[in-house]
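Student: mind folding the following:
(chains A, B and C)
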Amino acid sequence: MPPPPHHHRSQSAVTRFIRPEEIDALLEPWVPDAEDRRFLTRCLVEEGPLHHRGANFVLLRLLGELSRAVASGPERPAPGPGLPVPMRLPPHLRPDREDDAVYPIRLPERAVERLAPRGSRDFDAIVDCLADGPPQHAVANVLMATILDDLLRRSGR
Amino acid sequence: MTFAAAATTAILAATVLLQAAWPARRLVLVASGAALSALVVSLSGVSTTGRLLAGVPWDVLVLLVGLGLVTEVLVASRLFGLLAVRVARATRAAPGLLAFVFVLGMYAVSGVVNNLTALMLLLPVVLILFRLMGVSQRYVTWTLATLLVACNLGGAATPIGDFPAILLLGRGAMEFTEYLVRAAPLTLAALTLLLAAVFGLARPARGLAATPLSARLTVATLSAFHRGVRLDRRALLSGLLPLAGMVAAWLLVPASTGVGPELICWIGAAAALLGAGRLGERLARTRVDVEATLFLLFLFVMVGAVGETGVFRDAARLLAALPLPPTAQVAVFLVSSALLTGVFSAGPSMAALLPVAEVLAADHPPEAIYVGLALSVCAGSSLFLTAATAGPLTQALVERASLRGEDGAPVDLGFFRFAPVGLLGFGVTLAVALVATLARL
Amino acid sequence: MSFFAPGLEDAFRTAAAELGMCSASRLFVREAASDGPDAVAELSDRLGRPFPVLDAVAAAVLEGAPLRGVDPGEVLATLAGLRRLLVAGFEADFLDALVRALSGEVRVGLVRTAFLEGDWERIADNYAGRLELVEMAAFAGWAGPRSGLLTFLYGVEGAVTHVAPAWLRVAGDDVRPIFRELVGWDVLGRPMSLYPRWLTEVPAGSFTRLA
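Tutor: Sure thing, here's the model as predicted:
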């Protein structure tokens, strides 16, 4: 019989099933640089609240499974232009350059365009929702959106 | 005495006493005192605020600000830290020798930059050395107290070293060369007597335990602190060249050209800041000693208000009416000046006493009176630890350094610890001032 | 007859404030060693307990291991690809060697976190403009995908290591995911055998790179 909902599993029980190298492999098609992947993997499954790390691993791994299942489909097309995923810095601090203080992954614009036309208020709001928050939310959202968009495109949608 | 004369004198005395007793509020106190003085002379019809402000010796303030900024450029060159390392190496951190060299260094530096700056340049590194080499209460007391007296003597040695001399230069009471030639040898004589007494008789390092390895560690650590510190040649040249030019101009440009010492200083400071590039702009924006400048401005207003009521003329007349021979009257004036400075500090005393000195200078050789006054004020500055701003600053820095003696007890420099050395410095300096002045009359 | 004057502890504390615990220990042990092992033993005996880093440095020398120059090669490899390096905690010998070896294109910052009271301006003056002092309120401005945070470790023993408290002020949970690398550089090379006064224990695994 499963335990009641507020019964928490031990820390080691959660960290045991998280295998960072599998997330690293999942990232490879979109993040070619190994050091960038290591950084993103750490943000996704090694930092932040434990339940987020576990949930990120599970959801991303399942999406990876799905991706592999449709691998026989058309070749993976390029994701197209992407939007930056900013780091959460105190508001008074401005990065030195445009590519500073952003995570080394971009949100595919085409994924958002499936739900709202580019330039619309909805488009901006969706981008805001996906890319906001600490990296265990924002990077995970963007990676999931990237994989889902890829799956849809490979299934001809 | 009129109401205005009594009121402005009372305001001046009360403000000076209050600011001495409550230094944390001194700027607000003198600002209030100045406003009140202006109100009294305005309402009584003796003068107006406009006249008081017009009477402020702005040239003195220009000299103070200008010299302060040139000093800041020199400080930015890191020259003084590197010199301290050289001194530690050359003396092998021998406590007695180190103290002697630092006292001489303080005298030399405070002749060029104002006393507080000289102290801020040397004291931090001296305190680091103290922590590294290990000290006793006796060593700290004698070394630092002598350093303070030497700082006052150095300040009085040149016309640009400290406020009293700058005031004489700025007000045109004396020319640069005239002051330098007369005051420098006298301060040097006082310093020699002081050094003989301190290092010949008292011997600060007596009984201090030191080992060759500890001395080596002191030198090695101080060297490591500066291992990559390089002299900023641009800042050094930007400071030194204009300063040399200023001194040359003060010596050579005749007053008849209309180019006064304050304009020479102004041009020199501008050249130093321009030469230092971006650093110069930063220093000009952030390093002007606003507190000291405003303090003196308000003080000048208060003294000006008293002066407008004729109090200083009356005081000089009173002095002249004393049933004493003229030389004894001058001696009374010099001793009173020294004692007043001991209580009220150099700035207020000098500002209040100069108008009296001007009256005395009409009947005696002016240069003897003015240099005598500057030296008496210098003597008074050494009398108590509280007599000059440098004293409480040193006290605070020593406390912050958390020095401990050989027995582990905290080491400090309080009023009473300073007193014997202060009295010695006061006595030596005043004696030199009296002998030199009376011999010229 | 003692090798040292009575104020030895204050002298070491002053040195450690501006050079770092390990670098000051190396300097003191090196100078003492030139007077022979008895001087090192006395130094260790007098200062070992309050300063366990010095105790470890002295112990190594007394065991016959000479003090060597600092080789930044290993830590340099962990910093490959970074454009900005922010350092929390200070060790003069080690940072000197690292800054000399780093490409001039890498910005190097030192977070001003009070540990012992040193003269920060003089600390920075030793690096000829290569080291920027960074206030606590602004250090997150150094974050980025090509940024690293580095601190000095005082021995790694199994899963734990010791760091200066400055590291804890800086490397909080909100900061970890905005720097690509969290680098720990072991400057001691051996665990301390005495209570690690002044230092804080952290998991060695909390660093992304160890050198």
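Student: so where do the helices sit in the chain?
Tutor: Picking chain A for this. A:11-17, A:20-27, A:34-45, A:50-69, A:109-113, A:121-131, A:135-154 (DSSP state H).
Student: that's the other chain; I wanted chain C
Tutor: C:8-19, C:21-33, C:37-47, C:52-62, C:73-78, C:92-101, C:120-125, C:165-170.
Student: pull up the gap between the residue in the stretch 301-441 of chain B that chain A sits nearest to and chain C, please.
Tutor: Here the stretch 301-441 of chain B gets closest to chain A at one residue, B:Arg400, 31.4 Å apart by CB to the nearest CB. For the C-beta atoms, the positions are set from N, CA and C on the backbone; glycine is no exception. For B:Arg400, the distance to chain C (CB to the nearest CB, to the nearest Å) stands at 9 Å.
Student: number of residues surrounding that residue?
Tutor: 11 (other CB atoms under 10 Å in any protein chain shown).
Student: let me see the domain layout of chain C.
Tutor: Chain C breaks down into these domains under automatic domain parsing: C:8-62, C:73-210.
Student: turn the ones you listed into TSV, including mean pLDDT and distance to chain B.
Tutor: Listed next are the domains of chain C as TSV, based on pLDDT from 0 to 100; distance: least, CB to the nearest CB, whole Å:
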stretch	mean pLDDT	distance to chain B
domain C:8-62	96	4
domain C:73-210	94	4
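Student: for the ones you listed, which one sits closest to chain A?
Tutor: domain C:73-210 (3.9 Å).
Student: run a quick neighbour tally on B:Ala24.
Tutor: 8.
Student: quick check: it is in a helix.
Tutor: Yes. Applying DSSP: H, G, I helix; E, B strand; the rest coil, one finds B:Ala24 inside a helix.
Student: need the pLDDT of it.
Tutor: B:Ala24 carries a pLDDT value of 80.
Student: as CSV, the domains of chain C with mean neighbour count would be great.
Tutor: Below are the domains of chain C laid out as CSV (neighbours: other CB atoms under 10 Å in any protein chain shown):
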stretch, mean neighbour count
domain C:8-62, 22
domain C:73-210, 18
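Student: any chance of those domains in JSON lines, plus distance to B:His226?
Tutor: As requested, the domains of chain C are exported to JSON lines (distance: least, CB to CB, whole Å):
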{"stretch": "domain C:8-62", "distance to B:His226": "10"}
{"stretch": "domain C:73-210", "distance to B:His226": "7"}
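Student: export these to JSON lines and tack on distance to chain A?
Tutor: Listed next are the domains of chain C as JSON lines, based on distance: least, CB to the nearest CB, whole Å:
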{"stretch": "domain C:8-62", "distance to chain A": "27"}
{"stretch": "domain C:73-210", "distance to chain A": "4"}
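Student: among those domains, which is nearest B:Pro355?
Tutor: Smallest distance to B:Pro355 across the domains of chain C (CB to CB): 43.2 Å, for domain C:73-210.
Student: direction included, what does the strand ranked longest in chain A pair against?
Tutor: When chain A is parsed with DSSP state E, its longest strand is strand A:102-108. Counting by DSSP bridges, the strands paired with strand A:102-108 are strand A:82-86 (antiparallel).
Student: can you show me the CA trace of the partner strand as PDB?
Tutor: Provided in PDB are the C-alpha atoms of strand A:82-86 (Å, rounded to 0.1, in the frame of the first residue of the first chain):
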ATOM      1  CA  GLY A  82      15.600  30.800 -30.100                       C
ATOM      2  CA  LEU A  83      15.000  33.200 -27.200                       C
ATOM      3  CA  PRO A  84      17.500  33.700 -24.300                       C
ATOM      4  CA  VAL A  85      16.800  32.200 -20.900                       C
ATOM      5  CA  PRO A  86      18.000  34.800 -18.400                       C
END
